[in-house]
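Trainee: just a sequence and a predicted model for now, questions to come.
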Number of protein chains: 4
Amino acid sequence: MDALHAGPDAISGDARLGVPDAETISSWRERARAAGADPDVLDRLDGGHTGAVAVVENGDGPTVALRADVDALPVTEATGDDHVPAREGFRSETEGYMHACGHDAHAAIGIGVLEAVARSEFSGTFKLCLQPAEEVVGGGRALAESGHLDDVDALYALHVGLDHPTGEVVAGVDSFLAVHHFDAVFSGASAHAGARPEDGRNAMQAMASAIQALYGLPRHSEGATRVNVGTANAGTATNVVPERAEIEGEVRGETTALKDAMVERAERALSGAAATHDCEVAVETVGEAPSAVSDVRLVDVVHGVAERDAGVRTATRTDALGGSEDATYLMRRVQERGGEACYAIVGTDHPGGHHTPTFDVDEETIDVGVRVLTESVLETLAARD
Amino acid sequence: MDALHAGPDAISGDARLGVPDAETISSWRERARAAGADPDVLDRLDGGHTGAVAVVENGDGPTVALRADVDALPVTEATGDDHVPAREGFRSETEGYMHACGHDAHAAIGIGVLEAVARSEFSGTFKLCLQPAEEVVGGGRALAESGHLDDVDALYALHVGLDHPTGEVVAGVDSFLAVHHFDAVFSGASAHAGARPEDGRNAMQAMASAIQALYGLPRHSEGATRVNVGTANAGTATNVVPERAEIEGEVRGETTALKDAMVERAERALSGAAATHDCEVAVETVGEAPSAVSDVRLVDVVHGVAERDAGVRTATRTDALGGSEDATYLMRRVQERGGEACYAIVGTDHPGGHHTPTFDVDEETIDVGVRVLTESVLETLAARD
Amino acid sequence: MDALHAGPDAISGDARLGVPDAETISSWRERARAAGADPDVLDRLDGGHTGAVAVVENGDGPTVALRADVDALPVTEATGDDHVPAREGFRSETEGYMHACGHDAHAAIGIGVLEAVARSEFSGTFKLCLQPAEEVVGGGRALAESGHLDDVDALYALHVGLDHPTGEVVAGVDSFLAVHHFDAVFSGASAHAGARPEDGRNAMQAMASAIQALYGLPRHSEGATRVNVGTANAGTATNVVPERAEIEGEVRGETTALKDAMVERAERALSGAAATHDCEVAVETVGEAPSAVSDVRLVDVVHGVAERDAGVRTATRTDALGGSEDATYLMRRVQERGGEACYAIVGTDHPGGHHTPTFDVDEETIDVGVRVLTESVLETLAARD
Amino acid sequence: MDALHAGPDAISGDARLGVPDAETISSWRERARAAGADPDVLDRLDGGHTGAVAVVENGDGPTVALRADVDALPVTEATGDDHVPAREGFRSETEGYMHACGHDAHAAIGIGVLEAVARSEFSGTFKLCLQPAEEVVGGGRALAESGHLDDVDALYALHVGLDHPTGEVVAGVDSFLAVHHFDAVFSGASAHAGARPEDGRNAMQAMASAIQALYGLPRHSEGATRVNVGTANAGTATNVVPERAEIEGEVRGETTALKDAMVERAERALSGAAATHDCEVAVETVGEAPSAVSDVRLVDVVHGVAERDAGVRTATRTDALGGSEDATYLMRRVQERGGEACYAIVGTDHPGGHHTPTFDVDEETIDVGVRVLTESVLETLAARD
């Protein structure tokens, strides 16, 4: 490896979204230290800048990058004997958190590709980008704005599973939903619910009105949209008119424009609902990702490699993602500068669904992923040599 | 009779609330003409000024007034044989409308008292005020501001029934709910619900949010409040996003201040609900009445008279009304100028409840009402002579 | 013409949806009589069976049908000088109603095709189906179940405009939204809103909850859905807790299955909202249409004809409709029995949008429509001879 | 002291409401141990039975009891210099919790009365009842059903402050609102909000509908009612359709019957809202207290004593409480068995309102309270001797 950028050198701190508070970051850092993490590395990741970019250079030639996301989820892993990690003793050691979306496999595949490419003969530059905070669509923008993508000619990103079984590879995702995560805090005035109910300005009612208005946002004739209020927290005690209520939610759109139209309507609904109940509302963006599309030339590369790979039984050219991904920030960064990008899916049998306690990855997937992506990277380097 | 003020001479046109549109007024006038009403009288009531004040003067002395309201209701009268007016042939001749609250009895009692007082010996002045539009709390203010009340020393008002049986008289109501009627029209933009739902600004949703917000207005520790959305009309066709929705509603309070507090919150709820769905709302007051209280001295008069009347089996001093009445405008007008006021209930057995198709009045009530109020008026004239 | 089926002979009375009440039908019939309609024809249409099927037979050969819908809309036609029908004196004579969707042009084109085909040489049978009640998706099913479609080998249907200009023809619509219209009546108990609010079971609140729940029905990952509450009517007076509230609404889906899923959820929302406020709800289906797709072979016919027609500047093969159409009942009836169907759009410049007061049709469209559909019908008859 | 009943001997465990879970109880017990509490006493309070009844007996005579509640509140005490406990160093040592309703003064007054009565000459029995969990209306019923009240001839209860200043005593509260606290958990099914929104059964929407319906419960003509949703917690992440939502709320009524009517309607609203969104709801009662009234004879005793006390500047006979209190369980228990009960207010200047971070008690109140209640207890013992 010729360079390892980590922490603020890898991701642009100001562009991060959804960053935890200092206390939370500090407690996770302690946990990492206690688990034996290298203190020098931890120092470089100070302030929760938990990303890295590794670079191998081999003379003149194109620059090809691979993005793998590395974050986990606040899901408590299953304990039953029918859950392989539990039965075989490699269940999450951090109670309440687990890799319920396979990003540990992404990290493993990324490292595998880095090693394989580094051992290979090629001309040009290869970069492995390890991105934090994909789940809260908070890290993609920060990596995109780090500068490391700005000279990239071809970017690959990958995801395992997504209901595709072991042995299937989808060469390029051609449709992501653009997404916008928000946090809204309603503020009113508390009052004793029995003695002086009229003194309250009821944030609970403002919140309920907002929830109903958000789910009632109109559908759009130009494509799919989504809306969800994912969390709600309000009030302090049964006998107090609530003065504070908070919701976290999201809207999505098949295009960035559709997402933007949903954001505009959602913000109007939030402020109107607050006003209806004489409350204020503060709305913050906590994560965001545009839509994107894989470039045909790179899709062709992955598809060709997959068709030749002995471990791949089904090589699919393209599919829609259904959900969102902040890899789209990286893809757009590269594409805007004249490069190309491709988001591939490496199938894996997963007993439980993504984001559920029984999610697990078929380890054969890691080998398939390393082979297919290494070959794709090398072929791209060669083609553009 | 020494003077008969009718139409604009009896009620202050500008102070009316809830006045029907010109076409409606004209159609009712035609109906009256066809039914044989005196054309000269109709001419005096032009523009829907359907009130009158009759005056009898007898030298020096106090001025005593009696207010009777005369309007009917948009209720279709029952047709079954168990409904006496249907069986005996005096059911409403105006289909869809009836005297479902006994105001025809009020008018009859008022005329009866006028005749009886005019035939009696007394010194002073007696005024009979026939008020329109009580049901929409639209006429009380107009009569109060006519000037006819301004020299009144004692005002009586009456109502029949209200769950008090024939033979009971309540001498003075001591508690009315202040009331405010409003009309709110939500305006958005229509759109084809299938082809372009995103183009709509949905007045139907604004209306639904407003209805929920209105019924959710907080209770008050200082006394009773009420809120109701009585009518709703919205939209044109199933496949069109509605651009217009209209509701009529009311709020009440045990005091005028409580009512005012409810009005303020209601208006905020209406405008917030409109904003939530990107609509506008136009809110209009269509009726209003303050709270009021009967004066003890007049209550004593009615109570004493009732106790001596052979047709009265139960003479109750005071009771709450439960509902609202725009007689309160008249009572307050008199009280603010140093006079006194009293609102009496003359019980009547009524088979169906007020405002229902089977409402009817026990005619014995009319005799009791004429006797008790005539005696009360004469005693008041004498006492102040 | 060899046969003219009209009234109950043309449409299956029991399968009709959204039929007006007897009084409304009778008043429209009188209007038709007064306007000079043939009394014999009116007799045949008794009970509002306002459809017809004309048949011309010419020996052996295939059976080809054309469907044209003939109903108008409750829209008041514009009166301004910039509205051609107003300026040139052919504005709707029936105030409050107009052909705001061009079905008068459909009828004219249908008659034109009938005349042209009848004058032509061909072997086989041609049927012109004039369908009522498309706007309320109430007539399609009735015509589909009449039996007249059961021997049809090829069915054409057409629509003018739909944002396609004069000179464009879309040979075949390949995507309709399936649709379901419902009527829901909430029943509670009325009460005096001031005196006894607790006695009410509030149908207004049930309705508002239902509206909120309906617009909040979740989006679907498998395709577009729609929901709309198009009309609402509730209550009688501001001071009465409403005992009755009625809404008319619709749900749609890109496929019939998606529509059915929406119907199921909508009905749950309606009954839950009623129960929340201690009310009952009666839900009725007032119109319905499945999704459908045009068959490629017939699309090819229309496309070929259009490309050769001098009046057609743009011949488009296929497009989505965006909205719904109960022609789909007829298309499916024919397709289920082994026949083929095709729904074509004949473009027309229309100043105002469909269903708006300034809608109008460019009359050149009628000539284009007659030519393209006559040629398509004859070519289909010949091809299958 | 002749007997000290503590823990399960003082309060009936099964009758408790709103008991924290075992882990919470255990952590508070550790905190008490660490703060130096007597381990033997802690053992007697095992399982969170944090009540006590102290008894002093002096031969034959009546039995008189005093109830003081001892629980604190989850409010973080103010830290500013204008808050006396902060400035003078006796701010709460348990961060996040404080005596924001003066129950620490109640305990001090109770102990003071116990000592004073024990030192006095009297015939009969005196009981001091220290009750936990008044704030969640969870402890009153448990103490009422302990048996310790069953032989009581006269029961006194007290509260400090409640907007009455130092130097005022209200001899007897004659109106409490009956109250009912509930917890409702909505259960649906989670789903990925982007990829499969249609798979969700959305507990967030059910919760919002329920909040709207609860605040919309109708007012009652027979007296005051209240409703509040005090807390809400729902969902796990922005991109997951929530499968679980929980609210805690309360309803109140001026009489127990009004409260019961509100409970019935609230439960219907909760289940209807759940059904609307295809969810289930589990509703649990977590606290409850009836209404009650102070007996005139005891009110006379306290009023007389207060009038003679040098520290009392204003002796008020009766007032309404405005809120609720589970002392009503104890009062009713005593009254149902032929005894009498009285709830007195000892005024205190309190800078911040009850349940707010700046609440504090004027310590002069403790002396006044001890004197007035000791004298009242002794006079009652003597009067019934």
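Mentor: Perfect, thanks for sending it. Just so it is clear, the model here is predicted, and its values are computed rather than measured. Numbering: from 1, shown residues only, chains lettered A, B, ... in the order given.
Trainee: residue A:282 - how many residues pack around it?
Mentor: Using other CB atoms under 10 Å in any protein chain shown, the number of residues around residue A:282 comes to 12. Quick note: C-beta positions are derived from backbone N, CA and C, even for glycine.
Trainee: contacts only, for it.
Mentor: By CB atoms under 8 Å, 6 or more residues apart in numbering or on different chains, residue A:282 lies in contact with A:184, A:185, A:187.
Trainee: 6 Å instead?
Mentor: residue A:185 (CB atoms under 6 Å, 6 or more residues apart in numbering or on different chains).
Trainee: what is the mean pLDDT for the helix or strand hosting it?
Mentor: According to DSSP states H and E, residue A:282 maps onto strand A:280-289. Averaging pLDDT along strand A:280-289 gives 93.
Trainee: helices or strands next to the helix or strand containing residue A:206 in the packing?
Mentor: For residue A:206, the element it lies in under DSSP H and E is helix A:203-215. If you count contacts as 3 or more CB pairs under 6 Å, 6 or more residues apart in numbering or on different chains; DSSP states H and E, helix A:203-215 packs onto strand A:178-187, strand A:225-234, strand A:244-253, helix A:256-276, helix D:203-215.
Trainee: which of those is buried the deepest?
Mentor: helix D:203-215 (a mean of 30; mean count of other CB atoms under 10 Å in any protein chain shown).
Trainee: that helix: how far from the chain's middle?
Mentor: 27 Å (CA atoms, centre = their mean, to the nearest Å).
Trainee: that one - what's its average pLDDT?
Mentor: Helix D:203-215 comes out at a mean pLDDT of 98.
Trainee: ok, and what's touching that helix?
Mentor: A:205, A:208, A:211-212, A:215, A:229, B:212, B:216, C:216, C:276, D:186, D:188, D:227, D:229, D:234-235, D:242-245, D:266, D:269-270, D:273-274, D:276-277, D:279.
Trainee: output the strand holding residue A:282 as PDB, nothing but the C-alphas.
Mentor: The C-alpha trace of strand A:280-289 is given here as PDB (Å, rounded to 0.1, in the frame of the first residue of the first chain):
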ATOM      1  CA  GLU A 280     -43.000  25.800  16.900                       C
ATOM      2  CA  VAL A 281     -41.000  23.200  15.000                       C
ATOM      3  CA  ALA A 282     -37.300  23.000  14.200                       C
ATOM      4  CA  VAL A 283     -36.500  20.700  11.300                       C
ATOM      5  CA  GLU A 284     -33.000  19.400  10.500                       C
ATOM      6  CA  THR A 285     -31.700  17.400   7.700                       C
ATOM      7  CA  VAL A 286     -29.800  14.400   9.200                       C
ATOM      8  CA  GLY A 287     -29.000  12.400   6.000                       C
ATOM      9  CA  GLU A 288     -29.500  12.700   2.300                       C
ATOM     10  CA  ALA A 289     -28.600  10.900  -0.900                       C
END
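Trainee: list the contacts of the next helix or strand after that strand.
Mentor: Using DSSP H and E, the helix or strand that follows strand A:280-289 in sequence is helix A:296-308. With CB under 6 Å, 6+ apart as the test, helix A:296-308 has contacts from A:154, A:169, A:171-172, A:312, A:315, A:317, A:340, A:342, A:344, A:372, A:375-376, A:379-380.
Trainee: again with stretch A:83-90
Mentor: Here stretch A:83-90 has contacts from A:79, A:81, A:91, A:358, A:360, using CB under 6 Å, 6+ apart.
Trainee: tell me the confidence at the residue nearest to residue A:35 when sequence neighbours are not counted?
Mentor: Leaving aside its sequence neighbours, residue A:35 sits nearest to residue A:93 (CB to CB, 6 or more residues apart in numbering or on different chains; 7.4 Å). Note for residue A:93: predicted pLDDT of 92.
Trainee: any idea which helix or strand carries residue A:75?
Mentor: Applying DSSP H and E, one finds residue A:75 in no helix or strand.
Trainee: an error on my part: the question was meant for residue A:344.
Mentor: Counting by DSSP H and E, residue A:344 is part of strand A:340-346.
Trainee: would you mind listing what in the stretch 251-385 of chain A touches chain C?
Mentor: residue A:322 (CB under 6 Å from any CB of the partner chain).
Trainee: what is the neighbour count of residue A:379?
Mentor: Residue A:379 - counted by other CB under 10 Å - has 17 other residues nearby.
Trainee: identify the residues contacting it.
Mentor: residue A:301.
Trainee: checking residue A:66 next. Helix, strand or coil?
Mentor: strand (DSSP: H, G, I helix; E, B strand; the rest coil).
Trainee: how close does the closest residue in space to it that isn't next to it in sequence sit to residue A:301?
Mentor: The shortest distance from residue A:66 to any residue other than its chain neighbours is 4.9 Å, reached at residue A:156 (CB to CB, 6+ apart). To residue A:301, residue A:156 is 9 Å away according to CB to CB, to the nearest Å.
Trainee: just residue A:90 next, same as before
Mentor: To residue A:301, residue A:90 is 34 Å away according to CB to CB.
Trainee: neighbour count winner among those two?
Mentor: More crowded of residue A:90 and residue A:301, by other CB under 10 Å: residue A:301, with 25 against 10.
Trainee: please state the offset of the host helix or strand of residue A:43 from the chain centre?
Mentor: Element membership for residue A:43, per DSSP H and E: helix A:39-44. Centroid separation between helix A:39-44 and its chain, computed with CA atoms, centre = their mean, is 24 Å.
Trainee: quick one: contacts of the next helix or strand along the chain from that helix?
Mentor: Using DSSP H and E, the next helix or strand after helix A:39-44 towards the C-terminus is strand A:52-58. For strand A:52-58, the surrounding residues in contact (CB under 6 Å, 6+ apart) are A:1-6, A:10, A:114, A:118, A:122-123, A:125-130, A:148.
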